[in-house]
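Novice: have a look at this fold, sequence not included:
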């Protein structure tokens, strides 16, 4: 892609496509168990090249880096898209960083084309996966949590081997692998707990995972959550403002009541701040600290906005039929994806003091 | 012998403005050479006279190197300094924590914002006068009965021949006791169909007969605010700014001056304060996870507002008459952040932070005196449009909710 590639135009086209292919009704149907439309959505995203957005050009990607990622995550968040975007993009990020000599070219190609899916185990949990070195293999035992993408073909998990960290690529079809879906109320996600019992992997399925790469992946996760929260917060607030403009009680639209106006103005102001912070990540800020503080503030803001937006709707906001709950539930899961708000702030503070 | 003559170094940052790094280095060197390290201590509990002397001294020092009014146009005695250079100056002043130009806020920002666009040729001479004599201006907008609802102001100005005769009362005029001139709003057409339509904008000489100024003791114990009483004060017709009954629109440009530029300076200073405060608390509150986390979120908000402010300045550079919606957000965001942060520090530092000590005059909003900074934060949440007024404006003008 050329330097002048217009990210705003790309973002607009993402919004157009998602408005078409992933209106809130599609998300609602998914929440009711119908996955056909979301499978279609994933193929469309692959066809449009979105899954390759941050993959370097020499590996067949668009090479749009953080800016591209932020645009996609924000728009997907706005649509509360029920697709395992972060699971796949983060995994590809890891493979691009760790794979050399074209080792994962075929796998990356298959993911970009939407033919295979990857998912990343939570990096922030205490390590529960142990590896014992054999002559040319490693024997893995333990469990790990996958925050999204429980249906993936290959899982990437952090393993401790002789006091050092590795990243294992684990095929879901191995007999030694048990996958237990762990449904959460955010039905746009498919988390799972994966258990390995004497899972023997060849050395080529185990990559050294240095601190710099771990930090880069943690930063990717933070950036993803921050942008998702921004998009989701904006979407539910816009929806709520529309409602306040039409719902009448006491002979007037309820949006004319100052008590409600002030809350909405505060939410908008908070989101303007989040937008400012997130926008920096793609351009002026490459630090882990910057991404972590953005994530913490964004997730906290999304939750506060979504919570109050249910309240501002009154009874209808409490129903399954009306989509306010979908944002609230996604906001809640955002506050716990790759670290809680609190653990994120603790890590931020460590980075700040380092 | 000539080798023994000690020469005071002279500085000329403006001579280096083609090289932004050299410009910055020169500003920094000048600040380090000119500003005494202990100016805060000297100003702790300073008398009014000491405060005024300090403010005038610092303005003079800035003038010597052309940095008192560098943002003004050349034809009015400024330097037409680019925004990029101004930012550098503010950044360096924030870094060294130089005195805030409290006494000259209206003179430096509101007066020019009003007169550049709306003043007559004659009135614009005040711009030059300010630079020669460090003239102090104040603002006479609010009244006891006209706060958030400013347009309901009742101070009356009646045209009688070559003068307007003014009667009424103004309130919350910062540093009115030192002011030479006042930017005054008064009603010239009491029966206008819309209350905004009957207001005119004047320059009032504070030495005119009939002007009485009374300081108001504030929450901090200091008395920066004043009430101004006007009893048959005569203002020459030539001191009417713009057209009669069209003062309301002009007042908006005065008010927006406050939101754009001043807040940049303050937010840069607050960023340095965050560093200092964390350093100071490293072995105390920073060991407590709850305070650490709160600090983290405040830090995120500070970064956010700094991005908004910089964006706003860039927009201002491209279009000096923009302002638009982002200013409303900045005003509300900044005010709330400043108040939350100053209160956080009190809670984090505990009882020591409540110590009653005389305020540092000119110490600004992040002086390090915890309670004083907290009390002063209300100046942002209340003045120039209360947070509540900002919320109404955001809801109605930006988000499209009905009145």
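Specialist: Arrived safely. Treat the numbers as computed from the prediction; the structure is a model and nothing was measured.
Novice: how about residue B:214, secondary structure?
Specialist: In three-state terms, and counting by DSSP: H, G, I helix; E, B strand; the rest coil, residue B:214 is strand.
Novice: now do it, the pLDDT please.
Specialist: Listed pLDDT for residue B:214 reads 97.
Novice: now swap in residue B:366 and tell me
Specialist: pLDDT at residue B:366 comes out at 87.
Novice: now it: how far from residue B:377?
Specialist: As judged by CB to CB, to the nearest Å, residue B:366 and residue B:377 stand 10 Å apart. From N, CA and C alone the C-beta is placed, and that goes for glycine too.
Novice: got any residues that touch both of the two?
Specialist: Counting by CB atoms under 8 Å, 6 or more residues apart in numbering or on different chains, the common neighbours of residue B:366 and residue B:377 are residue B:342.
Novice: neighbour-wise, which of these two wins?
Specialist: residue B:366 (26 against 22; other CB atoms under 10 Å in any protein chain shown).
Novice: quick check, that one in a helix?
Specialist: No. Under three-state DSSP, residue B:366 falls outside any helix and is assigned coil.
Novice: what residues does it make contact with?
Specialist: Taking CB under 8 Å, 6+ apart as the test, what residue B:366 contacts is B:266, B:269-270, B:272-273, B:342, B:373.
Novice: one more pass at 6 Å, please.
Specialist: Applying CB atoms under 6 Å, 6 or more residues apart in numbering or on different chains, one finds that residue B:366 lies in contact with B:269-270, B:273.
Novice: what comes up buried for stretch B:120-140?
Specialist: Neighbour-count burial for stretch B:120-140 flags B:123-124, B:126-127, B:130-131, B:134-140 (criterion: 16 or more other CB atoms under 10 Å in any protein chain shown).
Novice: JSON lines for the residues you listed, including pLDDT, distance to residue A:186 and secondary structure?
Specialist: Converted to JSON lines, those look like this (pLDDT from 0 to 100; distance: CB to CB, whole Å; DSSP: H, G, I helix; E, B strand; the rest coil):
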{"residue": "B:123", "pLDDT": "96", "distance to residue A:186": "62", "secondary structure": "coil"}
{"residue": "B:124", "pLDDT": "92", "distance to residue A:186": "62", "secondary structure": "coil"}
{"residue": "B:126", "pLDDT": "94", "distance to residue A:186": "62", "secondary structure": "helix"}
{"residue": "B:127", "pLDDT": "91", "distance to residue A:186": "60", "secondary structure": "helix"}
{"residue": "B:130", "pLDDT": "90", "distance to residue A:186": "60", "secondary structure": "helix"}
{"residue": "B:131", "pLDDT": "82", "distance to residue A:186": "62", "secondary structure": "helix"}
{"residue": "B:134", "pLDDT": "87", "distance to residue A:186": "62", "secondary structure": "coil"}
{"residue": "B:135", "pLDDT": "94", "distance to residue A:186": "62", "secondary structure": "coil"}
{"residue": "B:136", "pLDDT": "96", "distance to residue A:186": "59", "secondary structure": "coil"}
{"residue": "B:137", "pLDDT": "97", "distance to residue A:186": "57", "secondary structure": "strand"}
{"residue": "B:138", "pLDDT": "96", "distance to residue A:186": "56", "secondary structure": "strand"}
{"residue": "B:139", "pLDDT": "95", "distance to residue A:186": "52", "secondary structure": "strand"}
{"residue": "B:140", "pLDDT": "96", "distance to residue A:186": "56", "secondary structure": "strand"}
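Novice: what count of nearby residues applies to the residue of the stretch 51-200 of chain B found nearest chain A?
Specialist: Residue nearest to chain A within the stretch 51-200 of chain B (CB to the nearest CB): residue B:148, separated by 12.3 Å. A count of nearby residues for residue B:148, using other CB under 10 Å, gives 13.
Novice: repeat that for residue B:71.
Specialist: 19.
Novice: what about residue A:286, distance to residue A:186?
Specialist: Residue A:286 sits 30 Å away from residue A:186, taking CB to CB as the criterion.
Novice: now the helices: where do they sit in the chain?
Specialist: Looking at chain A here, since you left the chain open. A:7-21, A:24-31, A:36-47, A:65-78, A:85-98, A:105-112, A:211-246, A:258-283, A:288-313, A:324-334, A:341-353 (DSSP state H).
Novice: not quite, I wanted chain B
Specialist: Using DSSP H, the helices of chain B run over B:20-34, B:39-43, B:48-64, B:83-96, B:105, B:111-118, B:125-133, B:247-260, B:262-281, B:289-318, B:324-349, B:370-382, B:387-393.
Novice: got the angle between the lowest-mean-pLDDT helix or strand in chain B and helix B:289-318?
Specialist: Sorting the helices and strands of chain B by mean pLDDT, DSSP states H and E puts helix B:247-260 at the bottom, at a mean of 79. On the basis of axes from the mean of the first three to the mean of the last three CA atoms, to 10 degrees, helix B:247-260 is oriented at 130 degrees to helix B:289-318.
Novice: any part of helix B:247-260 near chain A?
Specialist: No. Using CB under 6 Å from any CB of the partner chain, helix B:247-260 never reaches chain A; the gap is at least 14.0 Å.
Novice: from the contact counts, what lies against that helix?
Specialist: The contact analysis (3 or more CB pairs under 6 Å, 6 or more residues apart in numbering or on different chains; DSSP states H and E) places helix B:247-260 against helix B:111-118, strand B:199-205.
Novice: brilliant, that's me finished.
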